[in-house]
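K.L.:
below is the structure, and that's it, no one-letter string:
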């Protein structure tokens with residue numbers, strides 16, 4: 001299933017085609033080996049409070065969310081072969097094309113929504 005992700009605080013879209021990774025294998029694989037993440041696409045990984053970009057080919061924005069889908073922290077343009085800190089309040093992470101969080105002015109404290117697409 002795909003989702004549309006909106007920043008409700010700023011009334012801005014973050015992704016029209018977000019996939020969810022919630023099994024161990026999906027979370028483990030994440031975006032490893034993906035050659036590009038087009039604008040409008042994203043991966044929502046849950047549960048998750050820390051990520052790595054080992055074996056990735058692209059930089060990403062990592063938006064960490066609490067249980068209420070409120071932004072806890074953002075790692076902007078995280079390059080391949082890096083690890084994030086552990087964000088203890090985070091329950092999931094939304095991985096977006098690098099620059100998406102800044103372009104949408106998404107900040108810590110903003111609330112997001114995930115709307116199923118048909």
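P.N.:
Thanks, I have the structure now. On a predicted model such as this, the values are computed, not experimentally measured, just so you know. Numbers count the residues shown, from 1 in each chain.

K.L.:
where's the helix or strand hosting residue 76 relative to the chain centroid, distance-wise?
P.N.:
Assessed by DSSP states H and E, residue 76 sits inside strand 71-78. When distances are taken as C-alpha atoms, centre = their mean, to the nearest Å, strand 71-78 is centred 8 Å away from the chain's centroid.

K.L.:
can you map out the helices along this structure?
P.N.:
Counting by DSSP state H, the chain has helices at residues 24-29, 100-103.

K.L.:
ok, which of those helices comes nearest residue 14?
P.N.:
helix 100-103 (6.2 Å; C-beta to C-beta). Backbone N, C-alpha and C define where each C-beta goes, glycine included.

K.L.:
next, the buried residues of that closest one.
P.N.:
100-101 (16 or more other C-beta atoms under 10 Å).

K.L.:
show me the longest strand that occurs in this protein.
P.N.:
strand 12-21 (DSSP state E).

K.L.:
so which residue is dead centre in this structure?
P.N.:
In the chain, the C-alpha nearest the mean C-alpha coordinate belongs to residue 94, at 1.5 Å (C-alpha atoms, centre = their mean).

K.L.:
rewinding a little: averaging pLDDT over each of the helices of the chain, which comes out lowest?
P.N.:
Across the helices of the chain, helix 24-29 has the smallest mean pLDDT, namely a mean of 94.

K.L.:
parallel or antiparallel, which strands does the longest strand of the chain pair with?
P.N.:
Using DSSP bridges, the strands paired with strand 12-21 in its sheet are strand 2-7 (antiparallel), strand 41-45 (parallel).
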